[in-house]
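Participant: sequence below, structure please.
(chains A and B)
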There are 2 protein chains.
Amino acid sequence: MSRFAEPMARLIDELKKLPGIGSKNAQRLAFHILRSSEADAEALAGAVRDVKAKLHLCSVCNNITDVDPCVYCSSATRNPRVVCVVEEPTNIAAIEKTRHYNGSYHVLHGSLSPLHGVGPEHLRLESLTRRVDAGEVDEVIIATNPTVEGEATAIYISNTVRRPNLKVTRIATGIPAGSDIEYADEVTMTKAMEGRREL
Amino acid sequence: MSRFAEPMARLIDELKKLPGIGSKNAQRLAFHILRSSEADAEALAGAVRDVKAKLHLCSVCNNITDVDPCVYCSSATRNPRVVCVVEEPTNIAAIEKTRHYNGSYHVLHGSLSPLHGVGPEHLRLESLTRRVDAGEVDEVIIATNPTVEGEATAIYISNTVRRPNLKVTRIATGIPAGSDIEYADEVTMTKAMEGRREL
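Facilitator: Below is the predicted model:
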């Protein structure tokens, strides 16, 4: 027999499925929801439902959006001929906060990882190759992570989208700004030396 | 009146001058030395004395060395025509562990920092400009830290050593290898985008 009434036990079980939420934490959250007003509970339930119902992928860049095309693809002030390829929708925020990038995006929703069974067929590349083939792109900036999977993905994409008159570039791997080269690992230091630029 | 006999108090005072060693720690170290064998105490005293007596700066690259020129400058297997400029002697270790660099070094022993009263006249640049003027150098790689001071120093050096037929390069600033662009700060992300290279 459950220690909690059935609706409570069910809420705790559902909350426990969330990442980083254990039994104790799920109990605390469930009791908080129980004690909160009906309006607050309804707002939470509605928000959970809407996030699945109203969000979908942008048909141009695969970003998560509630309008199609997404804000970046439909913006009149952004350059659609420069496309920055990222692994996840959250990576767009990392690039946007630089306030220096004014092109469009393409989200892969993953990176090549043979160990986890992720092959080229799992990457969402069709809409990118379609834009490239239609001659709508001048430069593809590959901003996948500088990890083993990200680098493999970068090489795969550069081979896939390579066309005459299309520039394919990779963001720089090197010492982070404000850091000390004394704390750089061997691979980063090697990449920083290889990627040196003329002053 | 001191709580310790005069030689003990003196040793504690001297140990307290070392960075990261407080009163308690200095006492513990001093008592350890008191209890250790005469040979150990003598070895420590000798090592302290020798580090000042036997080490000096390499006349070519300013690295700390017991032979002149230092092992990097006198090595027959290293290319003396490529010079990597670093801020501190410890930075050489960071570059050596990449196992990919085979040129020589130049140690500045600091970086430009007007706030701390460090101007161009405090950088040890004479031996570098001498090597450059003598036509002994093909490339100067500036590997100062990607901090405000390090970048200012890099610009100053590049203006100082610029000669016809001399390549002046700067190591890459960017996302560290194995990292996620989601965790990159704005400046690093901006530098990574600016420093993108064609694939």
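
Participant: packing partners for the longest strand seen in chain A?
Facilitator: The residue-count maximum for a strand in chain A (DSSP state E) belongs to strand A:79-86. Strand A:79-86 is packed against helix A:89-96, strand A:103-107, helix A:126-133, strand A:139-142, with contacts defined by 3 or more CB pairs under 8 Å, 6 or more residues apart in numbering or on different chains; DSSP states H and E. C-beta coordinates here come from the backbone N, C-alpha and C atoms, glycine included.

Participant: residues touching it, excluding its own?
Facilitator: Here strand A:79-86 makes contact (CB atoms under 8 Å, 6 or more residues apart in numbering or on different chains) with A:61, A:73, A:92, A:95, A:101-108, A:128, A:131, A:136-144, A:157, B:181.

Participant: quick check on those: which are buried?
Facilitator: Burial by neighbour count, judged by 16 or more other CB atoms under 10 Å in any protein chain shown, picks out A:61, A:73, A:92, A:95, A:101, A:103-108, A:128, A:131, A:137, A:139-144, A:157, B:181 from those.

Participant: how much space between the nearest residue to residue A:131 once chain neighbours are set aside and chain B?
Facilitator: Leaving aside its chain neighbours, residue A:131 sits nearest to residue A:137 (5.4 Å; criterion: CB to CB, 6 or more residues apart in numbering or on different chains). Distance, residue A:137 to chain B, by CB to the nearest CB, to the nearest Å: 15 Å.

Participant: how about the strands in chain A?
Facilitator: Assigned by DSSP E, chain A shows strands spanning A:56-57, A:64-65, A:79-86, A:103-107, A:139-142, A:167-170, A:197-198.

Participant: now find how far off-centre the first one is within its chain.
Facilitator: In other words, strand A:56-57. Chain-centre distance of strand A:56-57: 13 Å, with CA atoms, centre = their mean, to the nearest Å.

Participant: so which elements touch it?
Facilitator: In this structure, strand A:56-57 makes packing contacts with strand A:64-65, judged by 3+ CB pairs under 8 Å, 6+ apart.

Participant: partners of the strand it packs on in the sheet?
Facilitator: Using DSSP bridges, the strands paired with strand A:64-65 are strand A:56-57 (antiparallel).

Participant: can you list contacts of the strand it pairs with?
Facilitator: Strand A:56-57 is contacted by residues A:63, A:64, A:65, A:66, A:68, A:107 when judged by CB under 8 Å, 6+ apart.

Participant: kindly report the same for stretch A:43-50.
Facilitator: residue A:33.

Participant: same check, this time on stretch A:127-138
Facilitator: When contacts are defined by CB under 8 Å, 6+ apart, stretch A:127-138 is touched by residues A:59-62, A:80-83, A:85, A:106, A:140, A:157, A:160-161, A:163, A:165-167.
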